[in-house]
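Undergrad: Give the three-dimensional model of this entry:
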Amino acid sequence: MNTYIDYSKRIRKIQEEMKKLDIDLFVGTRTVSLSYVAGAFVPWRSAVIVSADGYAGLITMLLDCERLKNESWLSSISPYAPLPGMDLLDLIVHFVTQNKAQKGRIGVELGHSPRGNTGYLFATEYEFLKKALPDATFVNAVNVVDRACYIKEPGEIKLLRQAAAIADSGIKCVRDALDVGMMETEIAGIGEMELRRLGSEYHWAVTGSSEVASGYRATYAMNGTTQPTQKMVQEGENIIVDLHPLYQLYPSDLAHNFILGKPSSEQRKLADAYLKTAETIVRNFKAGNKVGDISKTVMDTVTELGYAPYTIPSFGHGLGVFGHEWYPAIVNNDEFRDVVLEENVVEVAFLAMTVPGVCGMRLECPVLVTKDGGEMLCKTPLALTVLEV
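TA: Okay, the predicted model is just below:
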């Protein structure tokens, strides 16, 4: 798929955010920053440099440099190696000096995340830079790229739709093949084969691959992570299937729920409550709504339905270029509650409702924020799929 992305506009958006913080030079190390600036897959510890006057460049591992020169739009791509004078931090200092920012304000990405290794600057790296650049003032600029890439460009939405369609097809293949006696790993493989057939390039999720859980593995309390195992699916069990394709650096995230055989009354009751709550989440992904208000509305719904003790109190996370899976999360905390959803933002609607010993259900679906409410990019129905055996 040929899709136009205006990379020069991206740099201007970053510069606009830098100006708000009076930053002379931005040094980005997070995965989202590398992907957004370079426009290519950057797996190694790397850094992007953006100056207030328009310079943009990438420093990356020597063994990956030639590939990235071919795949990135950037003209300035420099290799580093773990050798004296050639290390990543040595080159960052070099480019700071080259851009005459050694006495200026330098933006770096400091912080932490429940997602694990997202690329924040390490403490040892930060200390090295402060020692090597004693006259510089370092500013935490972690929100620079988050804000710049928050609202999606038309080309980005197009790629996110394609990734969503790939995820839909993967779930359909699983539905058509699902049967008693299949191992969770086999189910994952069926979905993944379809993702690859349609062009998925990478399993981007921190869980490492597709997630599949059946029976007791789908009913762990507050269940939100389920790598597939050799467990065999049995009649009457519910099954969570969660797929994560990546298409041209843009991901999808689709979780769907199945039951093999007739659901019990308790399973059906949970499925009905799950559907009502999932619809509430999607409906409230509306331009102008605050994250904290959305979170409260959904919690009121699950409380009224009697499932608050069985529901993770988090109802979504950001989605965009590879590495953008957090800003903003739909969590009623100090970091996000006052963030306002805007048109053409994409969020993953998330819901995990689990009654141990009964059933566990999970929703993940990318949703485009519009002025009228959320538009699901994946077209797989929210409702539980019941399969005859």
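Undergrad: First-to-last residue distance for stretch 42-53?
TA: In stretch 42-53, first residue to last residue: 24 Å (CA to CA, to the nearest Å).
Undergrad: now swap in stretch 324-335 and tell me
TA: Per CA to CA, stretch 324-335 runs 16 Å from first to last residue.
Undergrad: could I get stretch 156-163 in PDB with only the CA atoms?
TA: Provided in PDB are the C-alpha atoms of stretch 156-163 (Å, rounded to 0.1, in the frame of the first residue of the first chain):
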ATOM      1  CA  GLU A 156      -1.500   7.300   9.500                       C
ATOM      2  CA  ILE A 157      -5.300   6.600   9.800                       C
ATOM      3  CA  LYS A 158      -5.200   4.700   6.500                       C
ATOM      4  CA  LEU A 159      -2.400   2.500   7.700                       C
ATOM      5  CA  LEU A 160      -4.100   1.900  11.000                       C
ATOM      6  CA  ARG A 161      -7.200   0.800   9.100                       C
ATOM      7  CA  GLN A 162      -5.200  -1.600   7.100                       C
ATOM      8  CA  ALA A 163      -3.600  -3.100  10.200                       C
END
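Undergrad: For the most centrally placed residue in the chain, which non-adjacent residue is spatially closest?
TA: Geometric centre of the chain, nearest residue: Glu325, 2.2 Å, by CA atoms, centre = their mean. Closest residue to Glu325 apart from its sequence neighbours, by CB to CB, 6 or more residues apart in numbering: His317 at 5.7 Å. For the C-beta atoms, the positions are set from N, CA and C on the backbone; glycine is no exception.
Undergrad: Do a quick rundown of the strands in the stretch 201-350 of the chain.
TA: 211-214, 238-243, 246-247, 250-251, 254-260, 316-318, 346-355 (DSSP state E, counting those that start in this stretch).
Undergrad: doesn't Phe350 make contact with Ser314?
TA: Yes: using CB atoms under 8 Å, Ser314 is in contact with Phe350, at 6.3 Å.
Undergrad: Identify the contacts common to these two.
TA: Ile330 (CB atoms under 8 Å, 6 or more residues apart in numbering).
Undergrad: between these two, who's got more neighbours?
TA: Phe350 (22 against 19; other CB atoms under 10 Å).
Undergrad: what bridges to that one?
TA: Counting by DSSP bridges, Phe350 is bridged to Glu364.
Undergrad: Could you do His317 as well?
TA: Under the criterion used here (DSSP bridges), His317 is bridged to Val348.
Undergrad: Who are the contact partners of it?
TA: Per CB under 8 Å, 6+ apart, neighbours of His317: 325-326, 328-330, 347-348, 350.
Undergrad: mind listing what's buried in stretch 151-166?
TA: Using 16 or more other CB atoms under 10 Å as the test for burial, stretch 151-166 gives 152-153, 155-166.
Undergrad: now for those residues, which pair is the farthest apart?
TA: Within these, two members stand farthest from each other by CB to CB: Glu153 and Ile166, at 20.0 Å.
Undergrad: hang on, His244 packs against Glu201?
TA: No: contact status for His244 versus Glu201: not in contact, 11.4 Å apart, counting by CB under 8 Å.
Undergrad: how many neighbours does Val355 have?
TA: Count around Val355 with other CB under 10 Å applied: 19.
Undergrad: what about Phe285, how many neighbours?
TA: By other CB under 10 Å, the residues close to Phe285 number 25.
Undergrad: quick one: the nearest residue to it once chain neighbours are set aside and Leu382, what's the gap?
TA: Leaving aside its sequence neighbours, Phe285 sits nearest to Gly374 (CB to CB, 6+ apart; 3.3 Å). Gly374 is 11 Å from Leu382, where distance means CB to CB, to the nearest Å.
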